[in-house]
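[1] Build me a structure from this.
(2 chains)
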Amino acid sequence: MDNQVHNEKSFEAFFRKYHGAALRYCQTIVMDGHEAEDIVQKVFVSLWRVKPSGFPDAEGRAYLYRSVYNASLDFLKHQKVKQAHAKETMATRSTQIVLPEGEQKELQQLIHRSLDTLPEPCRKIFMLNRFENLKYREIAEKLSLPEKKVENQMGKALKILRESLREHLTLLLTIILLYHD
Amino acid sequence: MIEENEIDERIARFLSGEANPEEAMALEDWRELSAANQQHFARCCMVFGYPYSSETNDQTAWKEIKKSLGFTGRIQRANFLKWTAGIAASLIVITVAVVIFNGNKQIIDPGYQLYTAGTTEKKILLDSASEVVLFPGAQLIVKNRHTIRLKGSASFSIVHDPMRTLAIETGNLVIKDIGTRFSVTTSGNNDTILVSVTEGEVSIHEKDGTPVEIHAGEEARYISSTGDLETRRQNAPAKKDTSGRVALNQKGVAATEGKPEQSSFADQHTGRTGNIVLGCNSCAESGQLELLTGSQRKGIKTDFTFSENPAGSTFRFRYSMHLLPGEYKWLYRDGHGNKDSGRVIIESGKEQLIRLLRP
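    Numbering: from 1, shown residues only, chains lettered A, B, ... in the order given. Below is the predicted model of the structure:
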């Protein structure tokens, strides 16, 4: 019984250490907050069933991430998320509340205006990814570009947008932190 | 470690859902390094319209998990069913599929991923850059990021990763990727396995056997029932598919049979394997054998443990291994500081005895 209690405590510590990061990762793939919570919780349950005595930390973490990745891809296959979300705007992508509604709208408008300042093909690539939910490989095929170039341009877009919106993002980040306290 | 000049690329990749597990972990490590990194990441999330929150609802999630696993001593059946239904369904699928696959009952690790190609080819992504194409009727079990098991035929396109050596088990053969494109074709009721390398190189060996390297433009044919392994240059002309990758003729062994090229004996090893047997009376329990062959000085190095012979045998200690026919220079070292060397010619189906450390 002592072993069981010890294992449960270790598992809880493992959970608390990695649940947030695993959830963030899952959300980027399935693009749905509620589904991501479900998937990640199922993965943790299955981890316990595989080995209640636990893994060494690094191995357990790698196993967790790989399991979340596989479970997320399985979910996408069954849900046809792309079609369901094809016309969603960024603002409606998830149900998780981030900002008060007014600030959210203002941010969206600022981002849309800043998109016009991006050079081509950076702007086109960013919009294909964010608004049409195309994967890097699909964008590369569509624009006849190497996938690596798409990756570079996405990083460039992010950097330009982040810097052009720096002051506003800093203010909004402060609002988030205050909002959640 | 992520370089500063590539961090935005990495974050964009992550937020686009393109990151593989290793990339996601690396990014998380970077994020955890400092508050500045966390703010940088948070700003990027907002640019992407991503629902960033510095906190996740861990407490609620943990409560649900505790209930599901019965940590509180009670299992609420509704939640148990909710949390395990999905897992149970996938476990059943994997269990049934692998039982059929093997014809034996065995306990299946829920971490396994099973892929089956029906009447058409099936492409499987192992990670963001490496892929397997299963030919019709083939099956693949991904045990973990280092080991996969194949039944049937497939082609592989593997990007070399120094942090991962991929081993592919098929029958009694193990194929280790060294960063390559190659195909595995089984025929003759899975008794014959043909490994053809298009780019790079692979290492193949029987489960307890000596590795043999196969390079681009070469192929190896392995007969499971006899343990015969032969290598040769590929004879069939390759054809390009529309993706630009070179695909070999999928007719398998029949398409590439023919007289092997004539080349220097030491560089071209063909035919059935022979045995080299090392015997000694006064060596350490274990040693290392290095075999050099050919003008290119290609080497095989193997650490081994001697087995003890019955009383009355010529030698007290013995080690045996299969080699392709050819001439080799051998070098022996053991833990007692003993060294020995010599030359040996291996012939198909024959055994060559070498007495080590002659007084």
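[2] What residues of stretch A:136-143 count as buried?
    For stretch A:136-143, burial by neighbour count (16 or more other C-beta atoms under 10 Å in any protein chain shown) applies to A:136, A:138-140, A:143. All C-beta atoms are positioned from the backbone trio N, CA, C, and that covers glycine.
[3] Please tell me the pLDDT value assigned to residue 88.
    Looking at chain A here, since you left the chain open. pLDDT, A:E88: 50.
[4] Chain B was what I was after
    In this prediction B:A88 is given a pLDDT of 42.
[5] any chance of the buried residues of stretch A:136-143 in CSV, with distance to A:H112 and pLDDT too?
    Putting those into CSV (distance: C-beta to C-beta, whole Å; pLDDT from 0 to 100) gives the following:
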residue, distance to A:H112, pLDDT
A:Y136, 22, 95
A:E138, 23, 94
A:I139, 20, 95
A:A140, 25, 96
A:L143, 21, 94
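[6] Let me know the closest of these to chain B.
    A:Y136 (5.5 Å; C-beta to the nearest C-beta).
[7] Need the nearest residue in space to that closest one, chain neighbours excluded.
    Nearest non-adjacent residue to A:Y136, counting by C-beta to C-beta, 6 or more residues apart in numbering or on different chains: A:V150, 4.7 Å away.
[8] So which residues make contact with the host helix or strand of that neighbour?
    Assigned by DSSP states H and E, A:V150 falls within helix A:147-164. For helix A:147-164, the surrounding residues in contact (C-beta atoms under 8 Å, 6 or more residues apart in numbering or on different chains) are A:111, A:114-115, A:117-118, A:121-123, A:125-126, A:129, A:136-137, A:139-140, A:143, A:169, B:6, B:8-13, B:16, B:18, B:40, B:43-44, B:47-48.
[9] Count the residues that sit near the residue nearest to A:Y136.
    29 (other C-beta atoms under 10 Å in any protein chain shown).
[10] go on, B:D303?
    So B:D303, with other C-beta under 10 Å, has 9 neighbours.
[11] what helix or strand is B:V133 on?
    Secondary structure (DSSP H and E) places B:V133 in strand B:131-134.
[12] Given that strand, what are its sheet partners and their directions?
    strand B:122-125 (antiparallel), strand B:154-158 (antiparallel) (DSSP bridges).
[13] Helix or strand next in line after the top helix by length along chain A, which one?
    Across chain A, the helix with the greatest residue count (assigned by DSSP state H) is helix A:2-30. Using DSSP H and E, the helix or strand that follows helix A:2-30 in sequence is helix A:33-50.
[14] is chain A contacted by the helix or strand encompassing B:Q39?
    Element membership for B:Q39, per DSSP H and E: helix B:35-47. Yes - Helix B:35-47 lies within reach of chain A by C-beta under 8 Å from any C-beta of the partner chain, at B:39-40, B:42-44, B:46-47.
[15] mind listing what's buried in the helix holding A:V150?
    A:147, A:150-162, A:164.
[16] picking that back up, residues contacting the strand holding B:V133, please?
    Against strand B:131-134 from outside (C-beta under 8 Å, 6+ apart): B:115-117, B:121-126, B:140, B:148, B:152-157.
[17] Can you tell me which of those residues are buried?
    By 16+ other C-beta under 10 Å, those give B:115-117, B:122, B:124, B:126, B:140, B:148, B:152-157 as buried.
[18] Need the max-distance pair from those residues.
    Pairwise distances across the buried ones among the contacts of strand B:131-134 (C-beta to C-beta) peak at 19.7 Å, for the pair B:T116 and B:S157.
[19] Could you give the average pLDDT over whichever helix or strand comes after the strand holding B:V133?
    The helix or strand immediately downstream of strand B:131-134 is strand B:139-142, counting by DSSP H and E. For strand B:139-142, mean pLDDT rounds to 80.
[20] With stretch B:147-164 instead?
    75.
[21] Kindly export the strand holding B:V133 (C-alpha atoms) in CSV.
    Output of strand B:131-134 as CSV, limited to C-alpha atoms (Å, rounded to 0.1, in the frame of the first residue of the first chain):
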residue,chain,number,x,y,z
GLU,B,131,8.4,8.7,-43.6
VAL,B,132,7.5,5.1,-44.4
VAL,B,133,5.4,4.0,-47.4
LEU,B,134,3.8,0.6,-46.6
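[22] What backbone torsions are found at the closest residue in space to B:A138 that isn't next to it in sequence?
    Nearest residue to B:A138 in three dimensions, chain neighbours excluded: B:G152, at 2.9 Å (C-beta to C-beta, 6+ apart). With angles defined as degrees, to the nearest 10, B:G152 sits at phi 100, psi -150.
[23] For B:G152, give its distance to chain A.
    In this structure, B:G152 and chain A are 22 Å apart, going by C-beta to the nearest C-beta, to the nearest Å.
[24] ok, back up a step: enumerate the positions of the helix holding B:Q39 that are buried.
    Buried, per 16+ other C-beta under 10 Å, within helix B:35-47: B:37, B:39-47.
[25] Now the element after that helix, going C-ward?
    helix B:58-69.
[26] For stretch A:120-136, measure first residue to last.
    Using C-alpha to C-alpha, to the nearest Å, the end-to-end distance of stretch A:120-136 comes to 16 Å.
[27] So what touches it?
    A:31, A:82, A:85-86, A:89-90, A:115-116, A:118, A:138-139, A:142-143, A:145, A:147, A:150-151, A:153-154, A:156-157, A:160-161, B:13, B:16-18, B:48-49.
[28] what about B:E218, neighbour count?
    18.
[29] show me the contacts for it.
    Contacts of B:E218 (C-beta under 8 Å, 6+ apart): B:196-197, B:231-234.
[30] Most widely separated two among those?
    Greatest spatial distance in those: B:V197 and B:R232, 11.8 Å, computed using C-beta to C-beta.
[31] Comparing those two, which residue is more hemmed in?
    B:V197 (25 against 21).
[32] so what's the more buried one closest to, chain neighbours aside?
    Using C-beta to C-beta, 6+ apart, the closest residue to B:V197 is B:F182 (4.3 Å).
[33] got the contact list for that neighbour?
    When contacts are counted by C-beta under 8 Å, 6+ apart, B:F182 touches B:155-156, B:175, B:195-200, B:202, B:214.
[34] Could you rerun that using 10 Å?
    B:154-158, B:168, B:175, B:195-202, B:204, B:214, B:216, B:218-220, B:248 (C-beta atoms under 10 Å, 6 or more residues apart in numbering or on different chains).
[35] Out of these, which end up buried?
    Applying 16+ other C-beta under 10 Å to the contacts of B:F182 flags B:154-158, B:168, B:175, B:195-198, B:200-202, B:204, B:214, B:216, B:218-220, B:248 as buried.
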